[in-house]
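Engineer: predicted structure and sequence below. I'll ask about it afterward.
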Amino acid sequence: MLRLATLALATLLVALPMAPPIAAADETEAAEAVVDRVVTQALEALIEQREALQDDDDAARAFFEEHVRPWMDFELMTRFAMGREARQASEEQLSRFGAALERRVANLYIQALQGYLEDTVEFAREGEVVLRTVSQDDRRAVIAARLRGAAADDLALRIQLHYREDTWRVFDIETSGVSLLLVFRDAVRDAAGGEGVDAMIAALEEGRVDVEDTWEAETEATDN
C-alpha cells in the first residue's frame, strides 16, 4: 500500500507544480482546468527528463527546487502539520518547523520520484487522469483525481489547493482516505513524544520523523 501512496506523490507532486504561476488576470480560471493543463504538461516533461532524473540526486533536487517547491503552500502546510500547537508557537518556531518540513517533503519527493520513476513514466505513457471539481471558492479548491491504467491501478486522489499570491498552490494530497498533512502531523507528534513544539521541530530537523511507516500504517488501517 505504501507503494501506491508513494506513486501518488511521485505523480501528483511532479505534475501539479509544473506550470508557471497563474497571473491575477487568470484568477477566474477554474482549479480543475489548471490541474488538467499542468498534469498533461508535467507527464510529458517527465518522459523527456527520465534519464537525467533516474540516478542523479542533484538533478532530482534541482527539479524539486525549481518546479515543485515554489508552487506548494508551505506556510499553510506548516500550520496544518503542526496542529493545535501552531496557535501557541512563536514566529521563529513556525519558521523553523516550516523549513524542516520543507526539507522532509523534498526528501520524500526525491525518494518517490527516483524509486518509482519507471512506474510513473509507464503511467505517463499509457495511463489516464480523470478530474472532477469537488468544491471551489475564491481561495480553496478540492479536486478529485482518478489515475487509471498502467502502474496506477485505478488510484483515487483528492488534491487540496489554496489560492495565494495569484497562484493556485497545493497544500495537501489524500489517497485511500489518508491525508499527507495528517500523516506528517501524526508522525511528528509520535517522534516528539508529546514534548511540545521544540521537540517537534527537533524531530523534523534531526530526521527522526518516519513519514513512510506512518503513511503505510494509516493507509492499512483505513482499508481494514
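Structural biologist: Thanks, I have the structure now. Numbers count the residues shown, from 1 in each chain.

Engineer: got the contact list for the longest helix seen in the chain?
Structural biologist: For the chain, the helix with the greatest residue count under DSSP state H is helix 91-115. The contact list for helix 91-115 (CB atoms under 8 Å, 6 or more residues apart in numbering) reads 6-7, 9-10, 13-14, 53-55, 57, 60-61, 63-65, 68-69, 72, 74-75, 77-79, 81-82, 86, 89, 120, 184, 197-198, 200-201, 204-205, 207, 209, 211-212. Quick note: C-beta positions are derived from backbone N, CA and C, even for glycine.

Engineer: swap in stretch 182-194?
Structural biologist: 77, 80-83, 101, 104, 199-200, 202-204, 208-211, 213-215, 218.

Engineer: if we go to 7 Å?
Structural biologist: 81, 83, 101, 199-200, 203-204, 208-211, 214-215, 218 (CB atoms under 7 Å, 6 or more residues apart in numbering).

Engineer: whichever of the residues you listed end up buried, select them in ChimeraX.
Structural biologist: Buried residues among these (16 or more other CB atoms under 10 Å), as a ChimeraX selection:
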select :81,83,101,199,200,203,204,209,211,214,215,218
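
Engineer: which one of the contacts of stretch 182-194 sits closest to residue 142?
Structural biologist: The nearest member of those to residue 142, counting by CB to CB, is residue 81 at 18.4 Å.

Engineer: that closest one: what secondary structure?
Structural biologist: Following DSSP: H, G, I helix; E, B strand; the rest coil, we place residue 81 in the helix state.

Engineer: quick one: the closest residue to it other than its chain neighbours and residue 32, what's the gap?
Structural biologist: Once flanking residues are discounted, residue 81 sits nearest to residue 184: 4.4 Å by CB to CB, 6 or more residues apart in numbering. Note on residue 184: its distance to residue 32, by CB to CB, to the nearest Å, is 26 Å.

Engineer: the strands in the chain, which residues?
Structural biologist: Ranges of strands in the chain, per DSSP state E, are 128-136, 140-148, 155-164, 167-175, 178-179.

Engineer: note down every partner strand of the last one and its orientation.
Structural biologist: Spelled out, that is strand 178-179. Using DSSP bridges, the strands paired with strand 178-179 are strand 167-175 (antiparallel).

Engineer: equivalent analysis for the first one, please.
Structural biologist: Each strand paired with strand 128-136, and its direction, by DSSP bridges: strand 140-148 (antiparallel).

Engineer: ok now the strand it pairs with, how far from the chain's centre?
Structural biologist: Relative to the mean C-alpha coordinate of its chain, strand 140-148 is positioned 13 Å out (CA atoms, centre = their mean, to the nearest Å).

Engineer: again with stretch 211-218
Structural biologist: Worked out by CA atoms, centre = their mean, stretch 211-218 lies 15 Å from the chain centre.

Engineer: start the count at 47 instead of 1 going forward.
Structural biologist: Understood, numbering begins at 47; the last thing we discussed is stretch 257-264.

Engineer: which of residue 230 and residue 78 has more neighbours?
Structural biologist: residue 230 (26 against 19; other CB atoms under 10 Å).
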